[in-house]
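Participant: Have a look at this prediction, sequence included:
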Amino acid sequence: DQLVYPDACTDVHLLDAEREVSMWGHNEDGDATLGYVLEMNMAGEEGTSYTGLCYAGCLCGWAWAYNEHGIVTTINALTPSKACSKGLGLGVTFVSRDCLEASGLDDAIARASVGGQGGGLHFNLASTSSPHVHWGVETSPVGSSAVQFPRGLSYHC
């Protein structure tokens, strides 16, 4: 049997505060047919500056990004089942972009967890002020769940 790997992003976190280890890797497996990929340095609606990888025609925040407050985020796309889908909802690209306005980790988690989303995402969130604290927030049209990654190895793909 041959292993089949999904055509999607993957994140790996290795956390150990006692040994002062905090590592986070992300591979970006976005659609190559979108053409150009840009690194954007912008000031947001609330005046927060941010930097991130941006696919042409998409909002910044859909890939990896960080802001002036030290909030770091990566995105893994999720596809809710038809049974979970409620039809129209808030576009997840707007939600991921809004996370770049966060002033702290709690704010980022709250922004990622906003209700009424039209699709699903997995947010990997951390802050440079607390490098050994990483969170995963999974969202769908019916709700969200936030989990702090434990000490050791964690991954999402």
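Facilitator: Nice, thanks for sending it over.

Participant: In three-state terms, how would residue 94 be classified?
Facilitator: Assigned by DSSP: H, G, I helix; E, B strand; the rest coil, the conformation of residue 94 is helix.

Participant: do you know how far it is from residue 134?
Facilitator: 24 Å (CB to CB, to the nearest Å). For glycine as for every other residue, the C-beta is placed from the backbone atoms N, C-alpha and C.

Participant: now the helices: where do they sit in this protein?
Facilitator: Assigned by DSSP state H, the chain shows helices spanning 92-98, 105-112.

Participant: okay, and for this structure, where does confidence drop off?
Facilitator: Applying pLDDT under 70 to the chain flags residues 1-8, 30-45, 80-87, 155-157.

Participant: now with 80?
Facilitator: 1-11, 13, 15, 17-21, 25-47, 54-58, 79-88, 152-157 (pLDDT under 80).

Participant: May I have the beta-bridge partners of residue 74?
Facilitator: Going by DSSP bridges, residue 74 is paired in beta bridges with residue 124.

Participant: quick one, what contacts it?
Facilitator: 9, 11, 24, 26, 63-65, 123-124 (CB atoms under 8 Å, 6 or more residues apart in numbering).

Participant: Highest neighbour count among the residues you listed?
Facilitator: residue 123 (27 neighbours; other CB atoms under 10 Å).
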